[in-house]
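[1] model this:
(2 chains)
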Amino acid sequence: MHELSIAQNIIEIISEQCVRSGYSRIESVNLRIGRASGIMSDALLFAFDAIKTESVAADALLCIEEVPVSGRCSECNSDFAVEEEYILSCPHCGGNSFRMTAGREMDIIDMEVS
Amino acid sequence: MKVKVVTKILEANDRIALENRKLFDGAGIYVINLMSGPGAGKTSVLEKTLNLASGLKIGVIEGDIAGSDDAERIERCGAPVVQINTGGACHLDANMIYEVLSELPLRDLDLLFIENVGNLVCPAEFKVGENIKVMVLSIAEGHDKPLKYPLMFQESSALILNKIDLAPYLDVDMEKIRRDALSLNPKLKIFEVSCKTGVGLPEWIDWLKKQTLKR
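    Residues are numbered from 1 along each chain as shown, chains lettered A, B, ... in the order given. The predicted model follows:
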(Lines give C-alpha, C1' and ligand atoms only; values in the text may rest on other atoms or scores of the structure.)
Protein backbone atom coordinates (compact mmCIF):
# COMPACT_ATOMS: atom_id res chain seq x y z
CA MET A 1 0.00 0.00 0.00
CA HIS A 2 2.91 2.36 0.67
CA GLU A 3 4.99 1.14 -2.26
CA LEU A 4 5.20 4.69 -3.60
CA SER A 5 6.97 6.00 -0.52
CA ILE A 6 9.20 2.90 -0.52
CA ALA A 7 10.08 3.64 -4.16
CA GLN A 8 10.90 7.25 -3.23
CA ASN A 9 13.23 6.01 -0.48
CA ILE A 10 14.95 3.65 -2.90
CA ILE A 11 15.52 6.38 -5.49
CA GLU A 12 16.91 8.75 -2.84
CA ILE A 13 19.32 6.13 -1.48
CA ILE A 14 20.61 4.87 -4.83
CA SER A 15 20.86 8.32 -6.46
CA GLU A 16 22.89 9.61 -3.56
CA GLN A 17 25.22 6.63 -3.63
CA CYS A 18 25.57 6.69 -7.43
CA VAL A 19 26.65 10.33 -7.45
CA ARG A 20 28.89 9.84 -4.42
CA SER A 21 30.65 6.98 -6.22
CA GLY A 22 31.35 9.30 -9.16
CA TYR A 23 28.83 7.88 -11.66
CA SER A 24 25.89 9.51 -13.41
CA ARG A 25 23.58 6.71 -14.50
CA ILE A 26 22.04 3.71 -12.77
CA GLU A 27 21.38 0.76 -15.05
CA SER A 28 19.89 -1.72 -12.60
CA VAL A 29 19.24 -2.18 -8.89
CA ASN A 30 18.93 -5.43 -6.94
CA LEU A 31 16.57 -5.61 -3.97
CA ARG A 32 15.72 -8.33 -1.48
CA ILE A 33 12.12 -8.09 -0.32
CA GLY A 34 10.69 -10.47 2.28
CA ARG A 35 7.29 -12.00 1.60
CA ALA A 36 6.12 -10.77 5.03
CA SER A 37 7.33 -7.22 4.49
CA GLY A 38 3.94 -5.97 3.32
CA ILE A 39 5.44 -4.95 -0.03
CA MET A 40 3.88 -6.16 -3.28
CA SER A 41 6.58 -6.54 -5.92
CA ASP A 42 4.31 -5.56 -8.80
CA ALA A 43 3.15 -2.41 -7.05
CA LEU A 44 6.73 -1.49 -6.16
CA LEU A 45 7.90 -2.00 -9.78
CA PHE A 46 5.02 0.17 -10.99
CA ALA A 47 5.73 2.93 -8.46
CA PHE A 48 9.47 2.87 -9.16
CA ASP A 49 8.96 3.20 -12.93
CA ALA A 50 6.44 5.99 -12.40
CA ILE A 51 8.77 8.21 -10.36
CA LYS A 52 12.26 7.34 -11.62
CA THR A 53 12.13 9.84 -14.50
CA GLU A 54 14.29 12.95 -14.04
CA SER A 55 16.66 11.13 -11.69
CA VAL A 56 19.96 9.35 -12.33
CA ALA A 57 17.82 6.20 -12.09
CA ALA A 58 15.62 7.25 -15.05
CA ASP A 59 16.64 4.17 -17.06
CA ALA A 60 17.18 1.84 -14.13
CA LEU A 61 15.74 -1.64 -14.11
CA LEU A 62 14.52 -2.80 -10.70
CA CYS A 63 15.20 -6.49 -9.92
CA ILE A 64 13.43 -7.93 -6.90
CA GLU A 65 14.45 -11.14 -5.19
CA GLU A 66 11.58 -12.30 -2.98
CA VAL A 67 12.64 -13.92 0.28
CA PRO A 68 10.33 -16.62 1.64
CA VAL A 69 9.20 -16.54 5.25
CA SER A 70 11.40 -18.81 7.37
CA GLY A 71 11.47 -19.76 10.99
CA ARG A 72 13.30 -21.72 13.64
CA CYS A 73 11.30 -23.87 16.02
CA SER A 74 12.40 -23.67 19.63
CA GLU A 75 10.71 -26.98 20.48
CA CYS A 76 12.25 -29.30 17.85
CA ASN A 77 15.08 -26.96 16.79
CA SER A 78 14.29 -27.33 13.08
CA ASP A 79 14.72 -24.58 10.51
CA PHE A 80 11.91 -24.29 8.00
CA ALA A 81 10.43 -22.11 5.24
CA VAL A 82 6.73 -21.65 4.48
CA GLU A 83 4.74 -20.66 1.42
CA GLU A 84 2.48 -18.26 3.32
CA GLU A 85 3.29 -14.74 4.48
CA TYR A 86 3.12 -15.88 8.09
CA ILE A 87 3.93 -18.85 10.31
CA LEU A 88 1.24 -20.32 12.55
CA SER A 89 3.08 -23.41 13.78
CA CYS A 90 6.21 -25.42 13.11
CA PRO A 91 5.59 -27.62 10.01
CA HIS A 92 7.69 -30.41 11.57
CA CYS A 93 6.41 -30.78 15.13
CA GLY A 94 3.31 -28.53 15.09
CA GLY A 95 4.62 -26.51 18.02
CA ASN A 96 3.91 -22.82 18.13
CA SER A 97 7.01 -21.65 19.86
CA PHE A 98 9.09 -20.36 16.97
CA ARG A 99 11.04 -17.36 15.82
CA MET A 100 10.75 -15.81 12.37
CA THR A 101 14.27 -15.83 10.89
CA ALA A 102 13.59 -14.39 7.43
CA GLY A 103 10.79 -12.77 5.45
CA ARG A 104 10.80 -9.18 6.71
CA GLU A 105 13.68 -7.99 4.50
CA MET A 106 13.48 -4.68 2.67
CA ASP A 107 17.07 -4.22 1.51
CA ILE A 108 18.90 -2.69 -1.40
CA ILE A 109 21.77 -5.08 -2.20
CA ASP A 110 23.73 -3.55 -5.08
CA MET A 111 23.37 -1.72 -8.35
CA GLU A 112 24.97 -1.49 -11.79
CA VAL A 113 26.13 2.07 -12.60
CA SER A 114 27.95 3.76 -15.46
CA MET B 1 30.37 -1.09 -12.75
CA LYS B 2 28.76 -2.88 -9.83
CA VAL B 3 28.33 -0.85 -6.62
CA LYS B 4 27.45 -2.46 -3.28
CA VAL B 5 24.65 -0.63 -1.51
CA VAL B 6 23.52 -2.99 1.29
CA THR B 7 21.10 -0.53 2.89
CA LYS B 8 17.76 -1.05 4.52
CA ILE B 9 15.19 0.85 2.48
CA LEU B 10 13.63 2.27 5.65
CA GLU B 11 16.97 3.15 7.21
CA ALA B 12 16.30 6.90 7.11
CA ASN B 13 12.98 6.40 8.90
CA ASP B 14 14.52 4.06 11.47
CA ARG B 15 17.26 6.60 12.20
CA ILE B 16 14.74 9.38 12.93
CA ALA B 17 12.65 6.94 15.00
CA LEU B 18 15.73 6.30 17.12
CA GLU B 19 16.17 10.07 17.61
CA ASN B 20 12.53 10.38 18.67
CA ARG B 21 13.02 7.52 21.08
CA LYS B 22 16.01 9.27 22.66
CA LEU B 23 13.90 12.41 23.15
CA PHE B 24 11.11 10.34 24.73
CA ASP B 25 13.51 8.48 27.01
CA GLY B 26 15.15 11.77 27.98
CA ALA B 27 11.77 13.22 28.94
CA GLY B 28 10.84 10.03 30.80
CA ILE B 29 7.76 9.26 28.67
CA TYR B 30 6.40 5.87 27.69
CA VAL B 31 5.17 5.91 24.08
CA ILE B 32 2.54 3.71 22.48
CA ASN B 33 1.91 3.51 18.73
CA LEU B 34 -1.85 2.78 18.54
CA MET B 35 -2.92 1.12 15.31
CA SER B 36 -6.08 -0.36 13.75
CA GLY B 37 -8.19 -0.38 10.62
CA PRO B 38 -10.56 2.56 10.12
CA GLY B 39 -13.45 2.62 12.58
CA ALA B 40 -12.21 -0.05 15.01
CA GLY B 41 -12.45 2.46 17.83
CA LYS B 42 -8.94 3.83 18.46
CA THR B 43 -10.19 7.26 19.43
CA SER B 44 -12.97 5.79 21.62
CA VAL B 45 -10.37 3.65 23.41
CA LEU B 46 -8.30 6.80 23.98
CA GLU B 47 -11.27 8.78 25.28
CA LYS B 48 -12.10 6.01 27.76
CA THR B 49 -8.45 5.65 28.71
CA LEU B 50 -8.09 9.38 29.37
CA ASN B 51 -11.16 9.28 31.60
CA LEU B 52 -10.22 6.12 33.50
CA ALA B 53 -6.43 6.28 33.84
CA SER B 54 -6.40 8.80 36.64
CA GLY B 55 -2.92 9.51 37.91
CA LEU B 56 -1.29 9.18 34.49
CA LYS B 57 -0.50 12.35 32.57
CA ILE B 58 -1.27 11.42 28.97
CA GLY B 59 -0.66 13.28 25.71
CA VAL B 60 -1.89 12.29 22.26
CA ILE B 61 -0.67 12.72 18.69
CA GLU B 62 -3.50 12.13 16.23
CA GLY B 63 -2.71 10.95 12.72
CA ASP B 64 -5.33 11.16 9.99
CA ILE B 65 -5.28 11.65 6.26
CA ALA B 66 -7.48 14.74 6.71
CA GLY B 67 -9.58 16.55 9.31
CA SER B 68 -9.28 17.26 13.03
CA ASP B 69 -12.34 15.46 14.44
CA ASP B 70 -10.23 13.07 16.50
CA ALA B 71 -8.06 15.82 18.02
CA GLU B 72 -11.20 17.73 19.00
CA ARG B 73 -12.55 14.63 20.77
CA ILE B 74 -9.28 14.23 22.69
CA GLU B 75 -9.17 17.94 23.53
CA ARG B 76 -12.62 17.68 25.10
CA CYS B 77 -11.13 15.08 27.49
CA GLY B 78 -8.64 17.72 28.62
CA ALA B 79 -5.47 16.10 27.26
CA PRO B 80 -2.74 17.88 25.29
CA VAL B 81 -3.12 16.84 21.67
CA VAL B 82 -1.56 17.55 18.27
CA GLN B 83 -3.23 16.64 14.99
CA ILE B 84 -1.12 15.49 12.05
CA ASN B 85 -2.74 15.41 8.62
CA THR B 86 -0.76 13.15 6.34
CA GLY B 87 -2.41 14.57 3.22
CA GLY B 88 -2.94 11.15 1.67
CA ALA B 89 -0.15 9.07 3.20
CA CYS B 90 -1.43 5.78 4.57
CA HIS B 91 0.71 5.77 7.75
CA LEU B 92 2.63 8.04 10.11
CA ASP B 93 6.40 8.03 9.79
CA ALA B 94 9.12 9.02 12.22
CA ASN B 95 9.73 12.42 10.65
CA MET B 96 6.06 13.45 10.91
CA ILE B 97 6.26 12.75 14.64
CA TYR B 98 9.59 14.57 15.04
CA GLU B 99 8.09 17.68 13.40
CA VAL B 100 5.31 18.06 15.98
CA LEU B 101 7.13 17.07 19.17
CA SER B 102 7.83 20.71 20.11
CA GLU B 103 4.08 21.30 20.32
CA LEU B 104 3.64 18.89 23.24
CA PRO B 105 4.68 19.44 26.87
CA LEU B 106 6.83 16.28 26.81
CA ARG B 107 8.41 16.78 30.22
CA ASP B 108 5.01 17.00 31.92
CA LEU B 109 3.76 13.69 30.49
CA ASP B 110 4.01 10.07 31.66
CA LEU B 111 2.54 8.52 28.55
CA LEU B 112 2.16 9.53 24.92
CA PHE B 113 -0.24 7.81 22.54
CA ILE B 114 0.45 8.13 18.84
CA GLU B 115 -2.84 7.28 17.13
CA ASN B 116 -1.84 6.09 13.69
CA VAL B 117 -3.80 6.44 10.44
CA GLY B 118 -6.62 3.87 10.28
CA ASN B 119 -5.07 1.09 8.21
CA LEU B 120 -4.25 -2.54 9.04
CA VAL B 121 -1.28 -2.74 6.67
CA CYS B 122 1.37 -0.02 6.55
CA PRO B 123 1.52 1.50 10.05
CA ALA B 124 3.06 -1.74 11.37
CA GLU B 125 6.04 -1.26 9.07
CA PHE B 126 7.14 2.24 10.10
CA LYS B 127 8.72 2.80 13.50
CA VAL B 128 7.96 6.20 14.96
CA GLY B 129 10.06 5.94 18.14
CA GLU B 130 7.52 4.07 20.25
CA ASN B 131 8.21 1.71 23.16
CA ILE B 132 5.43 -0.66 22.10
CA LYS B 133 2.72 -1.03 19.49
CA VAL B 134 -0.88 -1.72 20.53
CA MET B 135 -3.62 -2.55 18.07
CA VAL B 136 -7.40 -2.33 18.21
CA LEU B 137 -9.62 -4.74 16.28
CA SER B 138 -13.38 -4.45 16.50
CA ILE B 139 -15.08 -7.82 16.38
CA ALA B 140 -17.38 -6.48 13.64
CA GLU B 141 -14.38 -6.57 11.29
CA GLY B 142 -14.54 -10.37 11.26
CA HIS B 143 -12.52 -13.32 12.53
CA ASP B 144 -10.42 -13.58 9.36
CA LYS B 145 -8.38 -10.48 10.13
CA PRO B 146 -5.37 -11.98 11.98
CA LEU B 147 -4.48 -14.23 9.04
CA LYS B 148 -5.23 -11.57 6.45
CA TYR B 149 -3.11 -8.90 8.14
CA PRO B 150 -0.53 -10.94 10.07
CA LEU B 151 2.17 -8.30 10.38
CA MET B 152 0.23 -5.97 12.63
CA PHE B 153 -0.68 -8.82 15.00
CA GLN B 154 2.96 -9.94 15.07
CA GLU B 155 4.30 -6.47 15.80
CA SER B 156 1.84 -5.56 18.56
CA SER B 157 2.38 -6.14 22.27
CA ALA B 158 -1.34 -5.94 23.02
CA LEU B 159 -4.57 -6.40 21.10
CA ILE B 160 -7.70 -4.59 22.23
CA LEU B 161 -10.72 -6.50 20.89
CA ASN B 162 -13.34 -3.76 20.88
CA LYS B 163 -17.14 -3.67 20.48
CA ILE B 164 -17.67 -7.03 22.17
CA ASP B 165 -21.17 -5.81 23.10
CA LEU B 166 -22.02 -6.50 19.43
CA ALA B 167 -21.21 -10.24 19.73
CA PRO B 168 -24.88 -11.38 19.96
CA TYR B 169 -25.64 -9.68 16.64
CA LEU B 170 -22.65 -10.97 14.66
CA ASP B 171 -21.55 -14.31 13.23
CA VAL B 172 -18.04 -13.75 14.47
CA ASP B 173 -15.88 -16.54 15.91
CA MET B 174 -14.06 -14.77 18.75
CA GLU B 175 -12.18 -17.94 19.66
CA LYS B 176 -10.69 -18.02 16.14
CA ILE B 177 -9.51 -14.42 16.50
CA ARG B 178 -7.82 -15.29 19.80
CA ARG B 179 -6.35 -18.55 18.50
CA ASP B 180 -4.95 -17.11 15.24
CA ALA B 181 -3.67 -13.94 16.91
CA LEU B 182 -1.84 -15.96 19.58
CA SER B 183 -0.42 -18.34 16.99
CA LEU B 184 1.01 -15.38 15.10
CA ASN B 185 2.29 -13.83 18.32
CA PRO B 186 2.30 -16.05 21.43
CA LYS B 187 3.26 -13.08 23.67
CA LEU B 188 0.28 -10.95 22.56
CA LYS B 189 -1.78 -9.65 25.48
CA ILE B 190 -5.49 -9.63 24.54
CA PHE B 191 -8.12 -7.39 26.13
CA GLU B 192 -11.79 -7.88 25.28
CA VAL B 193 -13.55 -4.58 25.78
CA SER B 194 -16.57 -2.53 24.88
CA CYS B 195 -16.05 1.21 24.86
CA LYS B 196 -19.83 1.54 24.80
CA THR B 197 -20.61 -0.46 27.96
CA GLY B 198 -17.19 -0.12 29.62
CA VAL B 199 -16.73 -3.85 30.08
CA GLY B 200 -13.08 -5.01 30.03
CA LEU B 201 -11.64 -1.50 30.21
CA PRO B 202 -10.40 -1.75 33.85
CA GLU B 203 -8.12 -4.69 32.90
CA TRP B 204 -6.68 -2.66 30.01
CA ILE B 205 -6.12 0.37 32.26
CA ASP B 206 -4.39 -1.77 34.94
CA TRP B 207 -2.03 -3.24 32.35
CA LEU B 208 -1.40 0.17 30.80
CA LYS B 209 -0.47 1.65 34.19
CA LYS B 210 1.89 -1.22 34.92
CA GLN B 211 3.56 -0.90 31.51
CA THR B 212 3.96 2.85 31.91
CA LEU B 213 5.34 2.73 35.44
CA LYS B 214 7.69 -0.24 35.02
CA ARG B 215 9.78 1.30 32.25
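
[2] and for the worst-scoring helix or strand of chain A on mean pLDDT, what are the contacting residues?
    Scoring the helices and strands of chain A by mean pLDDT, DSSP states H and E places strand A:98-102 at the bottom, with a mean of 91. Here strand A:98-102 makes contact (C-beta atoms under 8 Å, 6 or more residues apart in numbering or on different chains) with A:34, A:36, A:67-75, A:79, A:81, A:87, A:89-90, B:154. Where you see a C-beta, it was placed from the backbone N, CA and C, and this is true even at glycine.

[3] how far does the following helix or strand past it sit from its chain's centre?
    Helices and strands here follow DSSP states H and E; after strand A:98-102, the next one along the chain is strand A:106-113. A distance of 10 Å separates the centroid of the chain from that of strand A:106-113, by C-alpha atoms, centre = their mean, to the nearest Å.

[4] just checking, which of the contacts of strand A:98-102 belong to helices?
    With helices taken from DSSP state H, the overlap with those comprises B:Q154.

[5] out of the contacts of strand A:98-102, which are buried?
    Neighbour counting by 16 or more other C-beta atoms under 10 Å in any protein chain shown classes A:G34, A:A36, A:V67, A:V69, A:S70, A:G71, A:C73, A:I87, A:S89, A:C90, B:Q154 among these as buried.

[6] so which of those residues is the closest to B:S183?
    Ranked by distance to B:S183 (C-beta to C-beta), those are led by A:S89 at 6.4 Å.

[7] the residue lying closest to the closest one once chain neighbours are set aside: what's it in contact with?
    Nearest residue to A:S89, sequence neighbours excluded (C-beta to C-beta, 6 or more residues apart in numbering or on different chains): A:N96, at 4.6 Å. By C-beta under 8 Å, 6+ apart, A:N96 lies in contact with A:L88, A:S89, A:C90, B:L182, B:S183, B:P186.

[8] surely the third one and A:G71 touch.
    Yes - A:C90 is within contact range of A:G71, at 7.2 Å (criterion: C-beta atoms under 8 Å).

[9] quick check: neighbours shared by these two?
    By the contact definition C-beta under 8 Å, 6+ apart, A:C90 and A:G71 are jointly contacted by A:F80, A:F98.

[10] sec struct for B:V117, please.
    Reduced to three states with DSSP: H, G, I helix; E, B strand; the rest coil, the structure at B:V117 is coil.

[11] quick check, pLDDT for it.
    The pLDDT attached to B:V117 in the predicted structure is 96.

[12] count of neighbours near it?
    Residues within reach of B:V117, counting by other C-beta atoms under 10 Å in any protein chain shown, total 22.

[13] which one is it nearest to, not counting chain neighbours?
    Nearest non-adjacent residue to B:V117, counting by C-beta to C-beta, 6+ apart: B:G63, 5.0 Å away.

[14] just the strands in chain A please.
    A:26-34, A:61-67, A:69-73, A:79-82, A:98-102, A:106-113 (DSSP state E).

[15] least confident of those strands, on average?
    Considering these one by one, the lowest average pLDDT is found for strand A:98-102, at a mean of 91.
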